[in-house]
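> Sequence and computational prediction follow.
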Amino acid sequence: MQPSLALQDDQEHLPSLLATDAKELSYQLQQHQAKIFPPLSQKTIRTFSPAEAAAFIGIGEGYLRQVAADGHGPDPLANGRRLYSATDMDRIRRVLDERNGTPKYVPARRPGEKLQIVSVMNFKGGSGKTTTAAHLAQFMALRGYRVLAVDLDPQASLSALFGHQPEFDVGEGETIYGAIRYEQPRPIADIVRATYTPNLHLIPGNLELMEFEHETPKAMSSGRAETMFFARIGEVLTEIESLYDVVVIDCPPQLGFLTMSALCAATSVLITVHPQMLDVMSMSQFLTMTSELMSVVEKAGGRTSYDWMRYLVTRFEPNDGPQSQMTGFMRAIFGNRMLHNAMVKSTAVSDAGVTKQTLYEVERSQFTRGTYDRALESLNLVNSEIEAHIRSTWGRK
């Protein structure tokens, strides 16, 4: 006797359950978003202390005070103290370069310096990939570079962190898929969005990015793909290349067509890794698969050489013995392909994420001073090291 195909009373219909849960979760997230940021409010980047502003500009704090006293800084507060916005810092950079007659403080690309495209990737979730990409993009913008952040992850955490909720704020064709799809692609300039951080633009993500994974095999088999899948992201970025100095791509956590296209577009690659045995074992498989796939792409004409490739240890707990041992183990294997600095695990970063903010946005007063300072110092050291690699590629000190 054939078993009945009808659901038993105690069985649960998974598609219906998932659809119901997704709808309710989406609604509750929208309500949560409205509480954190009321409908008419706009996310903003905070102002910075003289010490922070001087570090971002690249001058001493005493010199900054002098420049501000000459009338080129913000007006002092009632207590005589000055706080600097990102716009103030940009203005001071221009003033300093005009004084010196040389482009020293405005760090924009110069003739002969190519666009830097950094793809941040890992196969395993929880490696701090999106946190790394978000803070790197924002740091570079605060340093005065013209930055484009590209969210390639269908989960779109980077977009949400920058104030664009994927379910509500990103419509059809408004991700990079709109520009790289095989039929009726849009100009990429129509998709780029400004953010609340000066110098930082965003191409957001949402679930439609998965369409590229589905459509690519069909396009390849039918001959509709005039440009090979692995060249499409790089090709559309050339349309807006002159507008930016640095592009930061947050790759999806799997080796699909999107990730391969991001790797072929990149000039450099940053691989995040959590220093625990299971994560490192997973990365071993990830590196093997990536190598094999890139070899296939290379034979098909894809670009597979980079200015630099580095591993970044993330969510690092210095007092955790096994993590320190695993980090030493990787340094012994990878040598100078490991970034010298690690991104330290901190409740400050995770707590800021609850309100969809980066550490460059939250106020220091919201945290225990030591906790915030240690986390910010770790981020700045990591991002400064990456900036140094970029500047070295341009032939700058």
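That came through, no problem.

> now the strands for the stretch 151-300 of the chain?
Secondary structure of the stretch 151-300 of the chain by DSSP state E, counting those that start in this stretch: the strands cover 193-194, 200-203, 246-250, 268-273.

> Check those for me and report the most buried one.
Highest mean neighbour count among the strands of the stretch 151-300 of the chain (mean count of other Cβ atoms under 10 Å): strand 246-250, with a mean of 28. The way it works is simple: take the backbone N, C-alpha and C, and place the C-beta from them, glycine included.

> Show me what that one is packed up against.
strand 116-121, helix 129-142, strand 147-151 (3 or more Cβ pairs under 8 Å, 6 or more residues apart in numbering; DSSP states H and E).

> looking at these, which is buried most?
The stretch of the helices and strands packed on strand 246-250 with the highest mean neighbour count (mean count of other Cβ under 10 Å) is strand 147-151, at a mean of 28.

> list the helices and strands that strand packs on?
If you count contacts as 3+ Cβ pairs under 8 Å, 6+ apart, strand 147-151 packs onto helix 129-142, helix 157-161, strand 200-203, strand 246-250.

> about what we covered before: worst mean pLDDT among the strands of the stretch 151-300 of the chain?
Within those, confidence is poorest for strand 268-273, with a mean of 90 (mean pLDDT).

> re the thing from before, nearest to A55, of the helices and strands packed on strand 246-250?
helix 129-142 (9.6 Å; Cβ to Cβ).

> between the helices and strands packed on strand 246-250, which gets nearest to D307?
Taking Cβ to Cβ, strand 116-121 is the member of the helices and strands packed on strand 246-250 nearest to D307, at 7.6 Å.

> partners of that closest one in the sheet?
Strand 116-121 has these partner strands in its sheet, going by DSSP bridges: strand 246-250 (parallel), strand 268-273 (parallel).

> who touches the longest one?
This means strand 268-273. With contacts defined as Cβ atoms under 8 Å, 6 or more residues apart in numbering, strand 268-273 is touched by 116-122, 127-129, 132, 136, 263, 279-280, 283, 306-314, 330, 386, 389-390, 393.

> which of the residues you listed are buried?
Those of those that meet the buried threshold are 116-122, 127-129, 132, 136, 263, 279-280, 283, 306-308, 310-314, 330, 386, 389-390, 393, by 16 or more other Cβ atoms under 10 Å.

> which residues touch the spatially closest residue to F286 that is not a sequence neighbour?
Nearest residue to F286, sequence neighbours excluded (Cβ to Cβ, 6 or more residues apart in numbering): F123, at 3.6 Å. By Cβ under 8 Å, 6+ apart, the contact set of F123 is P253, Q254, L255, S282, M283, Q285, F286, M289, T290.

> Can you select the buried ones among the residues you listed for me in ChimeraX?
Selection of buried members from the contacts of F123 for ChimeraX, criterion 16+ other Cβ under 10 Å:
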select :253,254,255,282,283,286,290
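
> quick one on the thing from earlier: out of the strands paired with strand 116-121, flag the one nearest G178.
For G178, the closest of these is strand 246-250, at 16.0 Å, according to Cβ to Cβ.

> Domain-wise, how is this protein divided?
Listed domain ranges for the chain are 48-98, 114-392 (source: the TED database).

> Local confidence estimate at the residue nearest the centre of the chain?
Nearest to the mean C-alpha position of the chain, by Cα atoms, centre = their mean, lies A133 at 2.4 Å. Predicted confidence (pLDDT) for A133: 95.

> Check whether it really touches V247, as I assumed.
No: with contact defined as Cβ atoms under 8 Å, A133 does not reach V247; the gap is 10.8 Å.

> now the stretch 1-150 of the chain, which segments are flagged as low pLDDT?
Within the stretch 1-150 of the chain, the stretches with pLDDT under 70 are 1-15, 22, 26-27, 29-42, 124-127.

> Now do the helices in it.
14-36, 50-57, 61-67, 86-100, 129-142 (DSSP state H, counting those that start in this stretch).

> Show residues contacting the second one.
Outside of helix 50-57, the residues that reach it under the criterion Cβ under 8 Å, 6+ apart are 48, 60-61, 63-65, 81-82, 84, 88-89, 92-93, 96, 105, 142-144, 380.

> Next, the contact list for P103, please.
Counting by Cβ under 8 Å, 6+ apart, P103 makes contact with D97, R110.

> Would you mind measuring from the residue nearest to F286 to L255?
Distance check for F123 against L255: by Cβ to Cβ, to the nearest Å, it reads 7 Å.

> Next, show the common contact partners of these two.
Contact criterion Cβ under 8 Å, 6+ apart; residues shared by F123 and L255: F286, M289, T290.

> which of those lies closest to T347?
When these are compared for distance to T347 (Cβ to Cβ), F286 wins out at 28.1 Å.

> Quickly note the distance from that closest one to D279.
10 Å.

> cool, E52 as well?
Between E52 and D279 the computed distance is 33 Å (Cβ to Cβ).

> and S295, how many neighbours?
11 (other Cβ atoms under 10 Å).

> ok, it - contacts?
Taking Cβ under 8 Å, 6+ apart, we find S295 in contact with T304.

> where's it relative to M260, distance?
Using Cβ to Cβ, we find S295 at a distance of 12 Å from M260.

> re the thing from before, give the contact list for the residue nearest to the centre of the chain.
Neighbour list for A133: V120, A149, L158, V248, I249, D250 [criterion: Cβ under 8 Å, 6+ apart].

> one more time with 10 Å, if that's ok
A133 is in contact with 118-121, 149-153, 157-158, 161, 248-251, 270, 272, counting by Cβ atoms under 10 Å, 6 or more residues apart in numbering.

> same deal with L161?
43, 130-131, 133-135, 137-138, 149, 151, 202, 250, 352-353, 356-358, 361.

> How about R337?
R337 sits next to I271, W308, M309, R310, Y311, M330, R331 when contact means Cβ under 10 Å, 6+ apart.

> Please name every helix or strand in contact with the top helix by length along the chain.
Secondary structure of the chain read by DSSP state H shows that its longest helix is helix 369-393. Applying 3 or more Cβ pairs under 10 Å, 6 or more residues apart in numbering; DSSP states H and E, we find helix 369-393 packed against helix 50-57, strand 116-121, helix 129-142, strand 246-250, strand 268-273, strand 308-313, helix 347-354.

> mind redoing it with 6 Å?
Other elements packing on helix 369-393 under the criterion 3 or more Cβ pairs under 6 Å, 6 or more residues apart in numbering; DSSP states H and E are helix 129-142, helix 347-354.
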